[in-house]
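model this:
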Amino acid sequence: YKYMDGKFYMIEVAARGGGSKISSHIVPIVSGVDVNKKLINLALGKKIKTIKVKGTGYFVLLHFFNFKPGYVLKRTSEDFINSFNFVVDFEYGFNLKDILKNITSDSNRHAYVIIKSKIKEELELNLNIIKNLIPKFDNIVIVGGMANNILKYKGHNIGKSIQEDNCDRIIEEIFSLSRS
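Residues are numbered from 1 along each chain as shown. So this is what the prediction gives:
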């Protein structure tokens, strides 16, 4: 809505469920209601019964990760992190050998995790487990001058940024190790 000249004007209607897995994952976990199914049936013209939400007793936490910019050599498997019984969903927004940049919008978030628990205090503990796993196994992020060496090696223009000569052998070794 926009308020102008003493009146409210509608600018946009978002006739959809919540983004960031809210309607598909989070609402069903805490309410027991499949909101997306209800929205689809409503869009198909089907009659929707009144929803009585009883709650499931679960607390849910959605966390977005923001890694330092750099070149991604390794990362923990999504399947491994998703194998924890308290993880509802985990996903990276990048692939191996991508160049991570600063997050500027929802479309270039680095990763997210949705965690559930019947005990609210466990959410933060479980999030810390995931946070501690990621740096140990996940990304080897190379920044600064070494990142420039890799960028140049991969054919990117680094302009007048700092870089070292004769690093190709070391960079090839790093890539070789990252494949194992």
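
how about the strands of the protein, start to end?
In the chain, the strands defined using DSSP state E lie at 2-4, 7-9, 59-65, 70-72, 87-92, 99-100, 111-117, 141-142.

I'd like these as CSV, with mean neighbour count, distance to S31 and mean pLDDT appended.
The C-beta positions use only the backbone N, C-alpha and C, and glycine is treated the same way. Formatted as CSV, the strands of the chain follow (neighbours: other Cβ atoms under 10 Å; distance: least, Cβ to Cβ, whole Å; pLDDT from 0 to 100):
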stretch, mean neighbour count, distance to S31, mean pLDDT
strand 2-4, 8, 32, 74
strand 7-9, 9, 30, 72
strand 59-65, 16, 10, 91
strand 70-72, 22, 36, 86
strand 87-92, 19, 14, 94
strand 99-100, 18, 35, 89
strand 111-117, 20, 13, 93
strand 141-142, 20, 38, 62
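
just for this structure, where's the confidence low?
Low-confidence segments of the chain, defined by pLDDT under 70: 1, 10-17, 135-146, 173-174, 176-180.

In it, where's the longest helix?
Criterion DSSP state H: the longest helix present in the chain is helix 120-133.

Run the angle between it and strand 111-117 for me.
Here helix 120-133 runs at an angle of 150 degrees relative to strand 111-117 (axes from the mean of the first three to the mean of the last three Cα atoms, to 10 degrees).
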